[in-house]
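Asks: Need the 3D shape of this:
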Amino acid sequence: MRKKLICTLFIMLLILCLSGCSSKNNGMKDGFYTAEMSEYSHGWKEYLCIMVKNDTIVYAEFNAKNPSGYIKAWDNAYMKNMYTVNGTYPNEYTRNYVAQLIETQNPDQVDTISGASNSADNFDRLSRAVIEQAKKGDSATIVVE
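Replies: All right, here's what the predicted structure looks like:
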């Protein structure tokens with residue numbers, strides 16, 4: 001009886017482990033993948049870069065750059081102005097969106113942050129595009145309309 005119980009528990013544990021290893025994103029290839037918006041908005045062009053390992057997004061960077069390449073999250077004056085008006089700022093919401101994507105592995109499960117809804121829309125479009133690139137294994141930067 002005891003051996004049967006231990007064997008049953010072992011099999012259940014094995015099934016749980018194997019189901020946890022199932023593909024979450026339908027076969028993403030290992031590597032780095034980048035998508036960027038086609039146009040600048042208010043002087044910034046948003047982009048998303050992900051790193052995939054074993055069909056899992058293990059790293060992501062979402063931000064925006066101006067034409068000279070300066071990163072939006074580094075702009076303290078912009079941060080202060082945006083925080084005063086919207087209650088959030090780029091260094092906060094970009095990290096939040098990325099953390100949600102890494103945790104859920106699913107753009108459908110990333111919640112919009114109040115005050116950063118335009119960036120949320122772009123993040124959704126960029127994350128879907130970059131995941132499609134990862135499924136193809138195409139590391140070329142994709143431009144999103």
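Asks: what helix or strand is Ala35 on?
Replies: Ala35 is part of strand 31-37 when elements are defined by DSSP states H and E.
Asks: That strand pairs with which strands, and in what direction?
Replies: Counting by DSSP bridges, the strands paired with strand 31-37 are strand 45-53 (antiparallel), strand 142-144 (parallel).
Asks: In the shortest one, which residues are buried?
Replies: So the one you mean is strand 142-144. Using 16 or more other CB atoms under 10 Å as the test for burial, strand 142-144 gives Ile142, Val144. For the C-beta atoms, the positions are set from N, CA and C on the backbone; glycine is no exception.
Asks: cool, stretch 95-114 as well?
Replies: Applying 16+ other CB under 10 Å to stretch 95-114 flags Asn96, Tyr97, Val98, Gln100, Leu101, Gln105, Pro107, Val110, Ile113 as buried.
Asks: from those, which is closest to Lys29?
Replies: Nearest to Lys29, judged by CB to CB, of the buried residues of stretch 95-114 is Gln105 at 14.9 Å.
Asks: can you tell me which of the buried residues of stretch 95-114 are in helices?
Replies: Asn96, Tyr97, Val98, Gln100, Leu101 (DSSP state H).
Asks: Return the per-residue confidence for the residue lying closest to Arg125 once chain neighbours are set aside.
Replies: Of all residues not flanking Arg125 in the chain, Val144 sits nearest, at 5.2 Å (CB to CB, 6 or more residues apart in numbering). pLDDT, Val144: 97.
Asks: Now Val85. Nearest residue, chain neighbours left out?
Replies: Gly115 (7.9 Å).
Asks: Need the pLDDT of the one you found.
Replies: pLDDT for Gly115: 89.
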